[in-house]
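A.B. asks: dropping the sequence and predicted coords here.
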Amino acid sequence: MMSLSTTWSGRTDAKQISQFLVLKHGQIRVMVRRQSSYDLMLDTACKHFPSIPRYMVKLQTNQLDVCDGYFVDITADIWDDVIDLLNVVEVTRRAEMTLPIPLPLGDWGISSPNNRPAPSQINSIDSSSCSGNDNKVTIKVVFPSGEIQTTKISREMQVDKLVADASHVLGRCPTDITAVWGGAVMRGDLSIGSYNIKDGDSINLQAALRFAKPVIYLYSPSDIDVSVKLSLIPEWSISVIYPIVSTEDHGQRLEWNVRTHQDGSLTENNSGLDVSYLFWEAEKNLQAFPRSPASKPQPVDTFNPISSNLDDMDSIVIPVDKATVYLDKTLKGLGLHTEARTSFITYWLPSILKHEHIALRFVPQAAYERAASLSISPQPDVVTRICMLFKGVCKEHLANWANAQMQAEKDVAWWVDVVGVDPARAGDASLFRVLEWGGMEILI
């Protein structure tokens with residue numbers, strides 16, 4: 001039997017295979033690592049050509065004799081056989097089509113974690129209850145990544161079935177995903193037909209993101225009365241605060257009035273409570289209809305809780321057993337004192353330890369300020385606001401984070417310039433100083 005290389009290219013001579021190949025899209029060419037996994041190569045293509053949603057990426061070649069000079073689609077089942085024969089892979093955008101029948105979630109262009117078997121068809125219910133096309137509706141399902149799939153589903157399918165199947169494929173708990181239609185959260189115990197959904201409507205599957213435990217310390221060389229106002233962009237709503245004060249504009253604005261003390265403690269004027277810091281948390285505001293990050297990339301200096309993510313160029317990737325040492329060194333360099341560093345690490349450690357590796361980055365202070373504006377009177381001499389984003393990275397995807405792994409070996413001092421802080425002034429006890437830290441785990 002002739003080998004595939006002999007059959008397709010007419011060559012039998014063996015040669016050393018480069019670990020690199022070129023991805024080409026239009027006039028852009030990028031040298032990348034050769035991936036033996038089709039899914040990992042799709043991930044690589046999406047990273048370098050983010051304007052194409054993952055489910056619409058198509059890999060092609062015309063390099064093999066069997067192609068007869070034409071660009072031919074490379075399918076997942078043949079990838080292992082042809083990858084070592086190629087030097088250039090064409091990345092193109094497949095046309096979006098309305099499918100005549102419902103798709104299994106495993107065919108939605110979204111890879112199932114750990115090769116987990118995909119669930120059965122998304123609208124798998126008793127076929128006797130959904131006879132006839134009148135009982136079906138063609139919808140667009142928008143995944144948290146911004147990828148869109150058009151398909152037909154039964155009107156009798158429960159919303160929580162849709163959410164559960166999507167969560168299974170994405171490797172998330174169903175409680176991490178919320179279905180949104182027309183800007184409103186859909187009830188899981190109702191059927192699709194309970195809503196006035198028409199052909200062509202979109203159901204958005206949103207990741208439940210929570211900006212957790214931002215705490216604000218105020219340090220002044222003398223006791224003073226201070227007003228602290230927090231204003232959030234529409235994509236956020238305040239969910240928890242302490243000391244408790246009233247909020248305005250649907251949970252997007254609040255004001256604390258406190259008296260500072262030289263030992264760093266605060267007294268909230270309305271309640272008389274003595275506290276160590278001011279505390280707030282926020283949740284993604286599902287009423288603020290999300291923009292698709294796949295179709296509208298954000299400027300690098302923008303921070304948006306709905307569409308923020310991490311990539312190989314702006315993050316570091318480390319195994320979790322190195323996370324605490326790395327964080328302590330970084331936070332110390334950014335100006336956090338011992339108690340703040342300890343509180344930060346111990347708060348996030350349980351979430352970090354759920355993974356084998358994590359990618360993390362710190363948001364530029366100016367971008368964070370535009371998303372969560374802090375107005376303090378009298379004006380502080382120095383404000384330090386630290387916001388960390390992180391996500392788990394499975395070992396199968398480590399090859400896509402080569403630069404981030406190298407950046408983890410750099411001196412942590414580079415984060416000072418990224419965030420835009422002044423650690424020397426932040427530690428000057430003669431100044432009126434504000435320090436805040438918080439973070440968010442990216443679940444998708």
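C.D. replies: Arrived safely, thanks for sending.

A.B. asks: quick one, what contacts V421?
C.D. replies: Contact analysis of V421 by Cβ atoms under 8 Å, 6 or more residues apart in numbering lists 334-335, 365, 384, 386. C-beta coordinates here come from the backbone N, C-alpha and C atoms, glycine included.

A.B. asks: kindly reformat those as CSV containing secondary structure, distance to K136 and pLDDT.
C.D. replies: As requested, the contacts of V421 are exported to CSV (DSSP: H, G, I helix; E, B strand; the rest coil; distance: Cβ to Cβ, whole Å; pLDDT from 0 to 100):
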residue, secondary structure, distance to K136, pLDDT
L334, coil, 54, 97
G335, coil, 58, 96
Q365, helix, 50, 95
T384, strand, 55, 98
I386, strand, 50, 97
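
A.B. asks: I'd say I358 and C394 touch.
C.D. replies: No - between I358 and C394 there is no contact under Cβ atoms under 8 Å: 10.8 Å.

A.B. asks: out of the two, which sits in the more crowded spot?
C.D. replies: More neighbours surround I358 than the other of I358 and C394, with 25 against 12 (other Cβ atoms under 10 Å).

A.B. asks: select the longest helix from the chain.
C.D. replies: In the chain, assigned by DSSP state H, the helix with the most residues is helix 338-352.

A.B. asks: where does this protein have its least confident helix or strand?
C.D. replies: The weakest-scoring helix or strand in the chain, judged by mean pLDDT, DSSP states H and E, is helix 4-9 (a mean of 35).

A.B. asks: got TSV for the contacts of V421, with neighbour count and distance to E235 too?
C.D. replies: Below are those laid out as TSV (neighbours: other Cβ atoms under 10 Å; distance: Cβ to Cβ, whole Å):
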residue	neighbour count	distance to E235
L334	25	25
G335	21	28
Q365	19	19
T384	24	24
I386	24	20
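
A.B. asks: distance to I153 for those - can I get that in JSON lines?
C.D. replies: Rendered in JSON lines, the data for the contacts of V421 read as follows (distance: Cβ to Cβ, whole Å):
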{"residue": "L334", "distance to I153": "48"}
{"residue": "G335", "distance to I153": "52"}
{"residue": "Q365", "distance to I153": "44"}
{"residue": "T384", "distance to I153": "49"}
{"residue": "I386", "distance to I153": "44"}
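
A.B. asks: if we only consider the residues you listed, which is nearest to G272?
C.D. replies: Nearest to G272 among the contacts of V421 is T384, at 28.0 Å by Cβ to Cβ.

A.B. asks: now do the contacts for that closest one.
C.D. replies: 334-336, 365, 421-423, 426, 433-436.

A.B. asks: partners of the helix or strand just after the least confident helix or strand of the chain, with directions?
C.D. replies: Reading on from helix 4-9 to the C-terminus, the next helix or strand found by DSSP states H and E is strand 20-25. Applying DSSP bridges, strand 20-25 is found paired with strand 28-33 (antiparallel), strand 88-93 (parallel).

A.B. asks: any low-confidence regions in the stretch 251-400 of the chain?
C.D. replies: Within the stretch 251-400 of the chain, the stretches with pLDDT under 70 are 286-302, 306-307.

A.B. asks: show me where it has helices.
C.D. replies: Using DSSP state H, counting those that start in this stretch, the helices of the stretch 251-400 of the chain run over 323-333, 338-352, 365-371.

A.B. asks: can you redo those as CSV with distance to G200?
C.D. replies: Shown next, in CSV, are the helices of the stretch 251-400 of the chain (distance: least, Cβ to Cβ, whole Å):
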stretch, distance to G200
helix 323-333, 45
helix 338-352, 38
helix 365-371, 32
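
A.B. asks: hmm, back to that, just the contacts of T384 now: which is nearest S202?
C.D. replies: Checking these against S202 by Cβ to Cβ gives Q365 as the nearest, at 35.0 Å.

A.B. asks: quick one: that closest one and I345, what's the gap?
C.D. replies: Using Cβ to Cβ, to the nearest Å, one obtains 20 Å as the distance from Q365 to I345.

A.B. asks: for A372, same thing?
C.D. replies: Look at A372 and I345: by Cβ to Cβ, they are 22 Å apart.

A.B. asks: more crowded one of those two?
C.D. replies: Set A372 next to I345 and count neighbours by other Cβ under 10 Å: A372 wins out with 23 against 17.

A.B. asks: and the furthest pair within the contacts of V421?
C.D. replies: Farthest apart among the contacts of V421 by Cβ to Cβ are G335 and Q365. That separation is 11.1 Å.

A.B. asks: ranges for the strands of the stretch 1-150 of the chain?
C.D. replies: For the stretch 1-150 of the chain, applying DSSP state E, counting those that start in this stretch gives strands covering 20-25, 28-33, 57-61, 72-73, 88-93, 136-142, 148-154.

A.B. asks: want to try TSV for the ones you listed, with mean neighbour count, distance to L190 and mean pLDDT as columns?
C.D. replies: Converted to TSV, those look like this (neighbours: other Cβ atoms under 10 Å; distance: least, Cβ to Cβ, whole Å; pLDDT from 0 to 100):
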stretch	mean neighbour count	distance to L190	mean pLDDT
strand 20-25	16	42	90
strand 28-33	13	45	89
strand 57-61	19	34	89
strand 72-73	14	40	88
strand 88-93	18	36	88
strand 136-142	20	14	87
strand 148-154	20	14	82
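
A.B. asks: ok, which of the ones you listed comes nearest P234?
C.D. replies: strand 136-142 (18.7 Å).

A.B. asks: what residues does that closest one touch?
C.D. replies: Outside strand 136-142, the residues that touch it by Cβ under 8 Å, 6+ apart are 98, 108, 130, 148-155, 162, 166, 192-193, 197-205, 292.

A.B. asks: need the helices for the stretch 101-250 of the chain, in chain order.
C.D. replies: With helices called from DSSP H, counting those that start in this stretch, the stretch 101-250 of the chain shows them at 159-170.

A.B. asks: so, low pLDDT: which residues of it?
C.D. replies: Filtered on pLDDT under 70, the stretch 101-250 of the chain yields the residue ranges 101-134, 145-146, 169-173, 175-176, 208-211.
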